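*Asks:* got a structure for you, letters missing:
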């Protein structure tokens with residue numbers, strides 16, 4: 001029985017290992033949350049950019065159609 005006590009870890013060492021494992025898990029989780037929020041922010045920014053580009057494209061398309069109509073009218077004169 002004395003030999004089994006020799007090879008078992010003291011409770012302080014087990015507690016220390018458990019705290020390290022929990023600390024690592026917490027850090028990983030916090031990093032995942034940080035990345036998640038960063039990606040959400042990027043998605044929001046890109047959606048706003050896409051909306052602006054779509055508006056610009058619609059406006060440009062409208063200008064092109066007006067210009068083509070004007071060209072057609074001036075050629076018919």
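*Replies:* On my side now, so go ahead. Note that this is a predicted model, so its numbers are computed, not measured.

*Asks:* for residue 30, give its distance to residue 37.
*Replies:* 11 Å (Cβ to Cβ, to the nearest Å). Quick note: C-beta positions are derived from backbone N, CA and C, even for glycine.

*Asks:* next: residue 56.
*Replies:* For residue 56, the distance to residue 37 equals 29 Å [Cβ to Cβ].

*Asks:* how about residue 17?
*Replies:* Taken as Cβ to Cβ, the span from residue 17 to residue 37 is 31 Å.

*Asks:* next up, phi/psi of residue 10, please.
*Replies:* phi -70, psi 150 (degrees, to the nearest 10).

*Asks:* now the helix or strand harbouring residue 70: mean pLDDT?
*Replies:* Take DSSP states H and E as the rule and residue 70 turns out to sit in helix 11-76. Looking at helix 11-76 alone, the average pLDDT works out to 93.

*Asks:* now it, how far from the centre of its chain.
*Replies:* Chain-centre distance of helix 11-76: 7 Å, with Cα atoms, centre = their mean, to the nearest Å.

*Asks:* nearest residue to the middle of the chain?
*Replies:* Centroid-nearest residue in the chain, with Cα atoms, centre = their mean: residue 39, separated by 1.1 Å.

*Asks:* residues contacting that one?
*Replies:* By Cβ atoms under 8 Å, 6 or more residues apart in numbering, the contact set of residue 39 is empty.

*Asks:* what helix or strand is residue 9 located in?
*Replies:* Residue-wise, residue 9 maps onto no helix or strand under DSSP H and E.

*Asks:* quick one: neighbours of residue 31, just the number.
*Replies:* 10 (other Cβ atoms under 10 Å).

*Asks:* cool, and the one 10 residues further on?
*Replies:* By the measure other Cβ under 10 Å, the count of residues near residue 41 is 10.

*Asks:* same check on residue 8?
*Replies:* Other residues near residue 8 come to 10 when the count uses other Cβ under 10 Å.

*Asks:* so how far is residue 14 from it?
*Replies:* 9 Å.

*Asks:* gap between residue 58 and residue 66?
*Replies:* 13 Å.
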